[in-house]
Every structure is written in C-alpha cells, then in structure tokens.
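Asker: 3D model of this:
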Amino acid sequence: MTSEAKVEGAPLIKPSTTDHPLYEQVVDACRTVFDPEIPVNIFDLGLVYTIEISPENEVDIMMTLTAPGCPVAGEMPGWVADAVEPLPGVKQVEVKMTFDPPWGMDMMSDEARLELGFM
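Answerer: Numbering: from 1, shown residues only. Purely as a prediction, here's the structure:
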C-alpha cells in the first residue's frame, strides 16, 4: 500500500470547520463570487469544497471549477481571497484549486438547481 492510497471509506472532500464563529461570514463572502459562465455564486454551485478556519482565524479554502479549462481558472482564487480577506477577524486567506474529485452537477445546492431550471 503506497502512502498515496486513499483510506477506504474516507471522504473525498475534507470537512469544513462549520463550528467556527467566522464560518457563516466566510460562506456569505464566497456567495458574492460568481462563475462568469453560470449566473450562480460559487458556493451554491458547489465549487467550494472546504472552508477550514484555524483557531488563529487563518482561512484555507479548497475549491474547484466547473471545468479545468475554465477561462477564469487563474483569476478565481484571487476573487475568492479578495471577498474573504476583508472580513473582520480574518487573519489571512489561502485559496487552493483542485480537480479531485471533479465537479459535478450533483454538487449544486437546491437553490442553484432551481435558478438554473434543473428542478
């Protein structure tokens, strides 16, 4: 077994720090960032995989894009960081991109599905 082998039953997406006092504000800030090709914010699209907040209020966000060839791939992490960094109490923000697991339409919230006519 190699060190890269996935632990059986382990989630593909690391859980977020949902119990941190800043979590909801960070989510709201992520909801101000939109995918330019789809008129829905990145959080409801399911592009934000993990919001991890340390006890020192350092925010690490793991996100993806609807497709690896997305024209704003290089800019989107900066947009997210720019939305979250000004929040009171946030010490620093780091936004990382991943394509594992790949994004799928099943990751969208019910609100996003409704807005895009999938419900």
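Asker: from now on I want contacts and neighbour counts done on CA atoms only, so please keep to that.
Answerer: Noted.
Asker: list the contacts of residue 111.
Answerer: The neighbourhood of residue 111, defined by Cα atoms under 8 Å, 6 or more residues apart in numbering, consists of residue 44.
Asker: in the helix or strand hosting it, what counts as buried?
Answerer: Using DSSP states H and E, residue 111 falls within helix 110-115. Applying a neighbour-count criterion of 16 or more other Cα atoms under 10 Å, one finds 112-113 buried in helix 110-115.
Asker: same check on stretch 62-69?
Answerer: Neighbour counts using 16+ other Cα under 10 Å place 62-66 of stretch 62-69 among the buried residues.
Asker: outside of it, which residues touch it?
Answerer: For stretch 62-69, the external contacting residues (Cα under 8 Å, 6+ apart) are 47-51, 73, 95-99, 102-104.
Asker: for this structure, what helix or strand is lowest in average pLDDT?
Answerer: The weakest-scoring helix or strand in the chain, judged by mean pLDDT, DSSP states H and E, is helix 110-115 (a mean of 90).
Asker: how about the spatially most central residue of the chain, what does it touch?
Answerer: Geometric centre of the chain, nearest residue: residue 48, 1.3 Å, by Cα atoms, centre = their mean. For residue 48, the contact set (Cα under 8 Å, 6+ apart) comprises 42, 61-64.
Asker: picking that back up, now, the most widely separated pair of the contacts of stretch 62-69?
Answerer: Taking Cα to Cα as the measure, the contacts of stretch 62-69 span a maximum distance of 20.1 Å, between 95 and 104.
Asker: show me which of those two is the more surrounded one.
Answerer: Set residue 95 next to residue 104 and count neighbours by other Cα atoms under 10 Å: residue 95 wins out with 19 against 13.
Asker: where in this structure is pLDDT low?
Answerer: Applying pLDDT under 70 to the chain flags the ranges 1-11.
Asker: which stretches in it count as strands?
Answerer: For the chain, applying DSSP state E gives strands covering 48-53, 58-63, 92-97.
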